[in-house]
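Chemist: Build me a model from this:
(one chain, ligands or ions: 1)
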Amino acid sequence: MSESKNRVTVSTLMEMKQRQQKITVLTAYDFSFAQQIDHAGVDVVLVGDSLGMVVQGRETTIPVTLEEMVYHAQLVERGLKRSLLLVDLPFMSYSTTDQALRSAGRLMKEGGAQMVKLEGGADQVETVALLVSRNIPVAAHLGLQPQSVHRLGGYPVQGRQQEAAQQMVADALALEQAGASLLVLECVPAVLAAEITAALKIPVIGIGAGRQCDGQVLVLYDLLGITVGKVPRFVKNFMEESGGIAEALTAYVEAVREGTFPAQQHTFV
Ligand code: KIV
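Modeler: Residues are numbered from 1 along each chain as shown. From the prediction side, this is the model:
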C-alpha cells in the first residue's frame with residue numbers, strides 16, 4: 001500500500017527524486033485494473049499507446065488514434081484516487097507544435113491526464129516548451145522509441161555506440177531545459193541510464209534501463225504474465241511468485257522501492 005493517500009503530483013515526483021525514493025509506474029488501460037494499481041500504491045499510471053499491441057492486438061503502436069487514447073484515459077481516470085495519470089500522445093498526434101497543443105489539450109480536458117508523454121529528443125524541444133508554457137506537464141521518452149519502429153527496423157537497444165550515447169545525454173538535458181517534468185528511458189545500457197539519471201534534476205523512469213534510474217515502468221500485462229510468446233529481457237512476471245493480481249502488483253511496488261527489480265538478468269549492457 002502507498003505511504004500517503006495524497007494525490008501524486010509533479011512536485012511529489014521531484015521530491016521523491018530528491019529523497020532518493022524510487023518511483024513506481026505501471027501501464028493501465030481500463031477502470032478495474034486502474035483501481036487495483038492505485039490501491040497497490042503505484043505512483044504513476046501510464047495509459048500507454050502500448051494498448052495498440054496488448055489490448056487491440058496490433059503489430060505496433062502506430063495505428064493507435066488520439067480518440068482511442070482519450071477513451072482509455074477516461075476509463076483509467078475513474079479508477080484512480082492517488083496515482084498521477086500520465087497519457088501517451090499517439091503517433092502523428094504531435095507532428096507540429098499546434099497539433100501537439102490541441103492533442104495534449106484533449107488528453108487533459110477530456111481524458112483527465114495530469115501529464116502527457118511524447119517520444120523524441122532535441123527535435124521535440126520546441127513542442128515541450130510550448131506545452132509547458134500552456135501548463136501541460138510533459139514526460140519525454142528517449143532510448144527505444146516504439147513509434148519509430150519502421151525507421152529503426154525493429155526494437156533494438158539504443159545508445160550502445162559512443163556517439164549515440166552522447167547524443168542521448170544531450171537530448172535528455174535539452175528536454176529538461178525545455179521544461180519536461182519526467183523522462184522515460186527505454187532499452188538503454190544500464191551505465192548510460194545511470195549517467196543520464198545523475199545528470200538530470202527531473203526523475204528518470206527506466207524500462208530495460210537498469211536499476212540506477214529514479215523509478216521503473218512496466219507494461220501491466222507483462223507483469224501479470226499474460227503476454228503470449230517471447231517477452232523482452234527487461235520483463236518480470238510477478239504473478240509467478242504471487243497468489244493473485246493484488247499480490248503481484250504489491251510485489252512489483254515493493255521490488256522497485258527496495259531496488260531488487262530490475263535485477264541483472266533484466267538489464268542491458
Ligand atoms: O506505451 C507504453 O506502454 C510505454 C511504456 C513502455 C513506457 O510507453
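Chemist: how about the nearest residue to Leu118, chain neighbours excluded?
Modeler: Leu89 (4.8 Å; CB to CB, 6 or more residues apart in numbering). Quick note: C-beta positions are derived from backbone N, CA and C, even for glycine.
Chemist: ditto for Ile196
Modeler: Ala172 (4.9 Å).
Chemist: Can you report how many residues lie near that neighbour?
Modeler: 25 (other CB atoms under 10 Å).
Chemist: element containing it, please.
Modeler: helix 162-178 (DSSP states H and E).
Chemist: What helices and strands are in contact with that helix?
Modeler: helix 125-133, strand 138-143, strand 182-186, helix 190-199 (3 or more CB pairs under 8 Å, 6 or more residues apart in numbering; DSSP states H and E).
Chemist: And the contacts of whichever helix or strand comes after the second one?
Modeler: To tie it back to what came earlier, the one meant is strand 138-143. Using DSSP H and E, the next helix or strand after strand 138-143 towards the C-terminus is helix 149-152. The contact list for helix 149-152 (CB atoms under 8 Å, 6 or more residues apart in numbering) reads 60-62, 144-145, 155.
Chemist: run the last query once more with 6 Å
Modeler: Thr60 (CB atoms under 6 Å, 6 or more residues apart in numbering).
Chemist: Which residues of this structure lie near the ligand?
Modeler: 27, 46, 48-50, 88, 184, 186, 207, 217, 219 (CB under 6 Å from any ligand atom).
Chemist: want to throw the residues you listed into JSON lines with secondary structure, distance to Leu101 and pLDDT?
Modeler: Below are these laid out as JSON lines (DSSP: H, G, I helix; E, B strand; the rest coil; distance: CB to CB, whole Å; pLDDT from 0 to 100):
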{"residue": "Thr27", "secondary structure": "strand", "distance to Leu101": "25", "pLDDT": "98"}
{"residue": "Leu46", "secondary structure": "strand", "distance to Leu101": "21", "pLDDT": "99"}
{"residue": "Gly48", "secondary structure": "coil", "distance to Leu101": "21", "pLDDT": "98"}
{"residue": "Asp49", "secondary structure": "coil", "distance to Leu101": "19", "pLDDT": "98"}
{"residue": "Ser50", "secondary structure": "coil", "distance to Leu101": "24", "pLDDT": "98"}
{"residue": "Asp88", "secondary structure": "strand", "distance to Leu101": "16", "pLDDT": "99"}
{"residue": "Val184", "secondary structure": "strand", "distance to Leu101": "21", "pLDDT": "98"}
{"residue": "Glu186", "secondary structure": "strand", "distance to Leu101": "25", "pLDDT": "98"}
{"residue": "Ile207", "secondary structure": "strand", "distance to Leu101": "27", "pLDDT": "98"}
{"residue": "Val217", "secondary structure": "strand", "distance to Leu101": "25", "pLDDT": "98"}
{"residue": "Val219", "secondary structure": "coil", "distance to Leu101": "28", "pLDDT": "98"}
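Chemist: Can you select the buried ones among these for me in ChimeraX?
Modeler: Burial among the residues of the chain next to the ligand is assessed by 16 or more other CB atoms under 10 Å; the matching ChimeraX selection reads:
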select :27,46,48,49,50,88,184,186,207,217,219
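Chemist: any idea which of the residues of the chain next to the ligand is closest to the ligand?
Modeler: The closest of the residues of the chain next to the ligand to the ligand turns out to be Gly48 (CB to the nearest ligand atom; 2.3 Å).
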